[in-house]
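1. Take a look and give me a structure for this.
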Amino acid sequence: MEAMDSSEGGTRAAAANPAMDLAAAAQAELAALAAAGRRRALRPPAGRDFCSNDYLGLARHPAIRAAMAAALAPSAEHPAPDLALGGGSSRLIRGEDPRWAALEDRFARFCGAEAALYFPSGYAANLSWLTVLARRGDIIFSDRLNHASLIDGMRLSGAERVRLPHLDLEAYAAAFRRHAAQPGRRRLAVVESVYSMEGDRAPVAALAALCAEHGVALVVDEAHATGVFGPNGAGWVAAAGWPPAVVAAVHTCGKAWGAAGAFVAGPAWLKDWLVNRARPFIFTTAPPPLLAVQLAAALDAAAAEPWRRERVRAAAHRLRERLAALGLMPPSAAENADSPIIPVLLGGDRRAVAVAERLAAAGFDVRAIRPPTVPEGTARLRLTVHADHRDEDLDALAQALHAAVAAEAA
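-> Residues are numbered from 1 along each chain as shown. Next comes the predicted model:
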């Protein structure tokens, strides 16, 4: 009997080992990240915001708050508001609040598309359209600096991915010729209109013309252009007049619109296809209807206050000029001078972290960006400008950054 008890104890100990092994592996990997200056941790906002993507300053806009409060408050007309606090189920079951369909129609008109479909995140949107439009045996031409959500969507699609030098149109043309059209094989090109870590701009019109010449469909992720660039902030695809080669544009709502989620905009058949085939849409609970209220109010606020777009671009231009004058970055190309994303390359991971910590101590919230988010050897500070940044804020940041870099070099 004692031997049996001992054996049972040994079995229980062995059963516990996998969890212990995983814990040890996790601690070892985290220690290695810390040693390399790459361990990340959650840190709440503190100091003047120069790192978030709230470009238009809508995340705390009083009119948007008021619209959301009104939607929840009882009134003489609606003594018991019918606004549900949760989606309740997927949109295909009981989560289809009419506010979402109305918002999708409105957003499609806003950006010049035939239709739009809302997703709870830009990540889900990119996984969705990629796994619907592409399949095993197809070809996807991808800029080498494309976002992780695009890369993961390509992997899940099973299509062959052809990685191309960043925004090199000659390389795109050569790749299109090298991977010529074949019966039954789809070919897609994928770019961001404004790159999230570089702040530079894709030549959307020129690339669309190249894609049309070679019979390649183009999808553009407008995440960091939405709300800031194009007609009324409708993005660079809209600015180019929706060239025929562009099959979809992805517009996120968690950046300039100050909310969350994303629209995939394009032809009506694409929306129908996504509703029927996109697993992240089909198997996800519908977002709260209150979010649709917030996004509609954000569109209203941006339309009523076009100065916000103008201020973002002017602030970006001013800060870039100040940083260039202080030797912290080269002068920006004219087409990128008004981008709200301003990278200051520092090279080493630990150096980037140390400079960011000095800025935090000076009252500025700036975060260090390190691999694998950016390529090896290009750790940086990713500065962003907002509509509510004053000129004196921009100048103070430039001086504080100059002092922090100099202190780390000493």
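2. from what I can see W129 touches L150, true?
-> No. W129 lies out of contact with L150 (CB atoms under 8 Å); the separation is 9.9 Å. C-beta here means a position set from N, CA and C on the backbone, and glycine is covered the same way.
3. Of the two, which one has the most company?
-> W129 (30 against 25; other CB atoms under 10 Å).
4. is it true that V312 touches H386?
-> Yes. Counting by CB under 8 Å, V312 touches H386, with 6.7 Å between them.
5. the more surrounded of these two?
-> Neighbour count, other CB under 10 Å: between V312 and H386, V312 has more, with 27 against 24.
6. Am I right that the more buried one is in a helix?
-> Yes. Under DSSP: H, G, I helix; E, B strand; the rest coil, V312 falls within a helix.
7. Tell me where the chain has strands.
-> Counting by DSSP state E, the segments of the chain that form strands are 48-49, 115-119, 139-143, 160-164, 187-192, 217-221, 246-252, 262-266, 341-347, 364-365, 368-369, 379-384.
8. Including mean neighbour count and distance to A356, could those go into TSV?
-> Below are the strands of the chain laid out as TSV (neighbours: other CB atoms under 10 Å; distance: least, CB to CB, whole Å):
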stretch	mean neighbour count	distance to A356
strand 48-49	18	13
strand 115-119	24	32
strand 139-143	23	27
strand 160-164	18	30
strand 187-192	25	24
strand 217-221	25	27
strand 246-252	27	25
strand 262-266	29	28
strand 341-347	19	9
strand 364-365	20	9
strand 368-369	23	4
strand 379-384	24	6
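9. Now tabulate those in JSON lines and tack on mean pLDDT and distance to A400.
-> Formatted as JSON lines, the strands of the chain follow (pLDDT from 0 to 100; distance: least, CB to CB, whole Å):
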{"stretch": "strand 48-49", "mean pLDDT": "96", "distance to A400": "10"}
{"stretch": "strand 115-119", "mean pLDDT": "98", "distance to A400": "38"}
{"stretch": "strand 139-143", "mean pLDDT": "98", "distance to A400": "33"}
{"stretch": "strand 160-164", "mean pLDDT": "97", "distance to A400": "37"}
{"stretch": "strand 187-192", "mean pLDDT": "98", "distance to A400": "30"}
{"stretch": "strand 217-221", "mean pLDDT": "98", "distance to A400": "32"}
{"stretch": "strand 246-252", "mean pLDDT": "98", "distance to A400": "30"}
{"stretch": "strand 262-266", "mean pLDDT": "98", "distance to A400": "34"}
{"stretch": "strand 341-347", "mean pLDDT": "95", "distance to A400": "12"}
{"stretch": "strand 364-365", "mean pLDDT": "98", "distance to A400": "6"}
{"stretch": "strand 368-369", "mean pLDDT": "94", "distance to A400": "15"}
{"stretch": "strand 379-384", "mean pLDDT": "96", "distance to A400": "11"}
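10. Among those, which comes closest to P288?
-> Minimum separation from P288 across those (CB to CB) falls at strand 115-119, 12.0 Å.
11. so what strands line up beside that closest one?
-> Using DSSP bridges, strand 115-119 pairs in its sheet with strand 262-266 (antiparallel).
12. relative orientation of the strand it pairs with and strand 217-221 in degrees?
-> 150 degrees (axes from the mean of the first three to the mean of the last three CA atoms, to 10 degrees).
13. any idea how the chain splits into domains?
-> For the chain, automatic domain parsing gives the domain ranges 48-60+307-409, 83-303.
14. Any idea which of those domains gets closest to L30?
-> Nearest of the domains of the chain to L30, taken as CB to CB: domain 48-60+307-409 at 14.7 Å.
15. Let me see the backbone angles for the residue nearest the centre of the chain.
-> Centroid check for the chain by CA atoms, centre = their mean gives A223 as the closest residue, at 5.1 Å. Dihedral angles phi and psi of A223 (degrees, to the nearest 10) take the values phi -50, psi -50.
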